[in-house]
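In: For reference, the sequence and a predicted model appear below.
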Amino acid sequence: MSKLLHPDDVRARCRRQFTREHLVWLGTPTSAVGNQTIALGVPTQSEAAADPETVRSWAVAWSAWEATHQPGAVTWEIRQWQRLGKQTLPASLVISSLDDFAKLADQGSRWQRATARHHLLSTVCAWLPGRPAPQRLFDALADYSDVDFERLLSLVRWLSEHPASGLQLRQLPVVGLDTKWVEQRRGLIIDLLQCRPSQPSVDPAGRDLHALLGLAKQPIRMRMRLLGNDLRREVGGLCDIEAPVEELAALPIAPRLAFVVENLESALALPAVPGSVALMKLGHAVNLLRLLPWLRNARIVVWGDIDTHGFAILDRIRSAFAQAESILMDRETLLSCRELWAEEPQPYNGPALERLATSERQVFDRLVDGTWGVRVRLEQERVPWALVKTTLERIHGERPGDPRDAKASR
């Protein structure tokens with residue numbers, strides 16, 4: 001027998017379609033879907049005669065659907081069959097609105113709340129109608145409490161009237177607004193504002209919240225340790241400092257040696273070294289180091305993870321400091337710590353790395369092609385401290401070499 005669609009089958013189909021298309025539907029008129037007709041699978045005379053009970057229960061189910069005023073309109077067709085006589089059978093269900101689709105998908109109340117709030121939000125965000133909505137915007141409109149939605153609406157309204165206030169987030173005169181509330185909804189607010197026609201210039205990823213809100217630019221902070229007592233005396237005895245980059249750049253210090261260490265715990269464990277500093281936990285933001293004028297004449301020693309991102313960071317550092325050397329990022333260190341390997345979650349896939357030494361390039365290439373295994377990674381925190389100590393002692397007795405020499409990566 002041809003497939004007979006029962007009410008539950010239609011609801012399941014509507015749920016699937018709603019899941020696929022509701023973000024596109026949001027912001028369009030409720031009648032924009034047009035009349036969609038779902039064929040219910042009218043059987044032939046032979047099929048009905050072979051299994052009359054199934055056909056009877058199917059027709060009764062659609063009669064009950066009509067009687068209980070479910071969404072959509074059932075169309076009926078008359079069949080005059082030679083053996084079975086005159087039969088009136090459900091032929092199709094016509095759905096004429098998005099509201100009905102949502103009800104059939106068991107999303108009626110969420111859909112109606114989301115569309116009503118989207119209409120209100122669109123009076124402020126004129127760019128919203130006609131654009132597919134991000135899922136988290138739909139969820140917010142459908143599920144936020146009235147208090148949270150009114151707060152969001154008030155925030156966006158104030159920002160549209162003051163697109164470049166230059167205020168701190170704490171200063172925004174929106175009732176009930178606080179920094180924690182905004183930070184918890186950072187992604188939603190960015191989704192809302194980054195598609196504005198008048199969007200201000202932001203970072204390449206378009207995720208700079210303060211720029212999007214027209215607020216005062218937050219200072220970029222950096223953390224470092226002064227490893228030498230001689231340098232600490234120059235700044236009143238401070239050792240571990242975190243401050244805006246501009247303030248660190250103005251410090252009256254002239255280090256001879258600078259360690260760039262990604263892992264915080266590793267940097268905190270570094271021993272006292274006269275005339276030395278440790279800059280820590282910068283990740284791919286290491287290009288900020290070029291803002292520190294007192295690094296220009298220093299020996300730069302980079303200690304990062306042995307993974308693809310570790311070498312990408314090293315390459316980026318060398319764009320500012322060609323003299324930068326790497327330590328504990330070589331083949332020997334990696335292979336001697338095989339039992340400590342982990343898996344790199346998402347390997348680097350950015351621009352080609354042009355500044356690696358020959359031996360560094362060889363390790364990077366083998367990590368990429370899986371010579372030693374899939375996504376091999378040796379985090380610097382796992383390197384035995386005895387090996388770190390030996391390497392540091394050797395550095396103290398060396399003169400800086402050419403980082404492009406194979407020895408520079410040892």
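Out: Yep, it's here. Numbering: from 1, shown residues only.
In: make it CA atoms for all contacts and neighbour counts henceforth
Out: Noted.
In: what comes up buried for stretch 328-347?
Out: L328, M329, D330, R331, T333, L334, W341, E344, P347 (16 or more other C-alpha atoms under 10 Å).
In: List the buried residues in the longest helix seen in the chain.
Out: Longest helix in the chain by number of residues, with DSSP state H as the criterion: helix 7-25. Using 16+ other C-alpha under 10 Å as the test for burial, helix 7-25 gives P7, V10, R11, R13, C14, R15, F18, H22, L23, W25.
In: before we move on, what about stretch 121-131?
Out: By neighbour count on 16+ other C-alpha under 10 Å, the buried set for stretch 121-131 is L121, V124, C125, L128, P129.
In: Could you do stretch 257-277 as well?
Out: For stretch 257-277, the buried set under the neighbour-count rule, 16+ other C-alpha under 10 Å, comprises 257-263, 266-267, 270, 273-277.
In: next one: it to chain centre, how far?
Out: Centre-to-centre, stretch 257-277 and its host chain are 31 Å apart (C-alpha atoms, centre = their mean, to the nearest Å).
In: Contacts for that stretch, please.
Out: The contact list for stretch 257-277, computed with C-alpha atoms under 8 Å, 6 or more residues apart in numbering, reads 224-231, 254-256, 278-283, 295, 298-305, 380-381.
In: Next step: those restricted to helices.
Out: Per DSSP H, the contacts of stretch 257-277 map to helices at N229, D230, L231.
In: By neighbours, which of those wins?
Out: Neighbour tally across the ones in helices among the contacts of stretch 257-277 (other C-alpha atoms under 10 Å): the maximum, 21 neighbours, falls on L231.
In: need the contact list for that residue.
Out: Counted by C-alpha under 8 Å, 6+ apart, L231 has contacts I253, A254, P255, P274, G275, S276.
In: I'd like to know which helix or strand in the protein has the lowest mean pLDDT.
Out: Here the helix or strand of the chain ranked lowest by mean pLDDT, DSSP states H and E is helix 209-213, holding a mean of 84.
In: what residue ranges in this protein score low on pLDDT?
Out: For the chain, applying pLDDT under 70 flags the ranges 1-2, 29-34, 197-207, 397-410.
In: if you count residues, which strand in it comes out on top?
Out: Across the chain, the longest stretch assigned as strand under DSSP state E is strand 85-95.
In: elements contacting the helix or strand that that strand is followed by?
Out: Using DSSP states H and E, the helix or strand that follows strand 85-95 towards the C-terminus is helix 98-104. Secondary-structure packing of helix 98-104 (3 or more C-alpha pairs under 8 Å, 6 or more residues apart in numbering; DSSP states H and E): helix 7-25, helix 108-122.
In: Tabulate those (CSV), appending distance to A140.
Out: Putting those into CSV (distance: least, C-alpha to C-alpha, whole Å) gives the following:
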stretch, distance to A140
helix 7-25, 12
helix 108-122, 8
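In: which one of these lies closest to Q45?
Out: Taking C-alpha to C-alpha, helix 7-25 is the member of those nearest to Q45, at 22.1 Å.
In: Output the closest one as CSV, restricted to C-alpha atoms.
Out: Listed next in CSV are the C-alpha coordinates belonging to helix 7-25 (Å, rounded to 0.1, in the frame of the first residue of the first chain):
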residue,chain,number,x,y,z
PRO,A,7,-1.4,13.2,11.8
ASP,A,8,1.7,12.2,13.7
ASP,A,9,3.6,11.7,10.4
VAL,A,10,2.6,15.3,9.3
ARG,A,11,3.7,16.7,12.6
ALA,A,12,7.1,15.0,12.3
ARG,A,13,7.5,16.4,8.8
CYS,A,14,6.6,19.9,10.0
ARG,A,15,9.1,19.6,12.9
ARG,A,16,11.8,18.7,10.4
GLN,A,17,10.9,21.6,8.1
PHE,A,18,10.6,24.0,11.0
THR,A,19,14.1,23.0,12.2
ARG,A,20,15.6,23.6,8.8
GLU,A,21,13.8,26.9,7.9
HIS,A,22,12.6,28.8,11.0
LEU,A,23,15.7,31.1,11.1
VAL,A,24,14.9,32.2,7.5
TRP,A,25,11.2,32.5,8.3
